[in-house]
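A.B. asks: requesting a structural model of the entry that follows:
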Amino acid sequence: GRLREAQGGRRLDLSSLGLDGWPAELTGHAGEGRYASLERLCLLDNVLEELPSELCGLSTLTDLSVGYNRLASVHPRVGALVQLSSLSLPFNCLTDLPDTVSLLQGLKAAVLDGNQFGEIPGALCRVTGLEELRLNQNRLRGLPPDLGHLARLRDLQVAYNELPSLPRSLGLNTALT
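C.D. replies: Model prediction:
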């Protein structure tokens, strides 16, 4: 079905299929042959508990959307997705991200709404090109001062958290709107 339609294409939508792992049809093909030029991968509304390491071989991926699953972890190999500009992992069970996320220097948007983050992962504060960061409906109790050093950050959304105050460094970021 959808896999045959996507062969050689740049987009693959595997949403709402009840997937609990990486599709067997893709094993051994990630990053080569039929899916070598894949740019957008959507795995919304499945039952994934971890971000499959196999998708980290999709070196041309620019947009990864894995929201509304049961993700409790993201594989450290996600740092290999250096072309990634949008990472969308909303409404999962994430409490942290691997340090390798800091290698995603082309990342412009990170959507992490509706997870279990108690703090913003330090790796995100080292992604200097980040323009949009969404962490609404988490368990944030504070924001790191380093967040203010993200000079390109123009959209920071942290509503419905447990934030008593904001760091002063955010006031120095003139890009924030």
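A.B. asks: for this structure, where's the lowest mean pLDDT among helices and strands?
C.D. replies: helix 2-6 (a mean of 53; mean pLDDT, DSSP states H and E).
A.B. asks: which SSE is immediately downstream of that helix?
C.D. replies: Scanning forward in sequence from helix 2-6 by DSSP states H and E, the next helix or strand is strand 11-13.
A.B. asks: what segments of this structure are strands?
C.D. replies: 11-13, 40-42, 50-51, 63-65, 73-74, 86-88, 109-111, 132-134, 155-157 (DSSP state E).
A.B. asks: could you export the ones you listed to TSV, including columns for distance to residue 124, mean neighbour count and mean pLDDT?
C.D. replies: For every residue, glycine as well, the C-beta is placed using N, CA and C. Formatted as TSV, these follow (distance: least, C-beta to C-beta, whole Å; neighbours: other C-beta atoms under 10 Å; pLDDT from 0 to 100):
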stretch	distance to residue 124	mean neighbour count	mean pLDDT
strand 11-13	26	16	92
strand 40-42	20	19	95
strand 50-51	16	20	90
strand 63-65	15	19	98
strand 73-74	12	19	95
strand 86-88	10	20	98
strand 109-111	6	19	98
strand 132-134	7	19	98
strand 155-157	11	16	96
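A.B. asks: residue 125: which of these is closest?
C.D. replies: strand 132-134 (9.5 Å; C-beta to C-beta).
A.B. asks: mind giving me the packing neighbours of that closest one?
C.D. replies: Judged by 3 or more C-beta pairs under 8 Å, 6 or more residues apart in numbering; DSSP states H and E, strand 132-134 is in contact with strand 109-111, strand 155-157.
A.B. asks: note down every partner strand of that strand and its orientation.
C.D. replies: Sheet pairing of strand 132-134 (DSSP bridges) gives strand 109-111 (parallel), strand 155-157 (parallel).
A.B. asks: now do the contacts for the nearest residue to residue 147 once chain neighbours are set aside.
C.D. replies: Excluding the flanking residues, the one nearest residue 147 by C-beta to C-beta, 6 or more residues apart in numbering is residue 125, at 5.7 Å. Taking C-beta atoms under 8 Å, 6 or more residues apart in numbering, we find residue 125 in contact with 144, 146-147, 149-150.
A.B. asks: for residue 158, state which of those is nearest.
C.D. replies: Nearest member of the contacts of residue 125 to residue 158, counting by C-beta to C-beta, is residue 147, at 9.6 Å.
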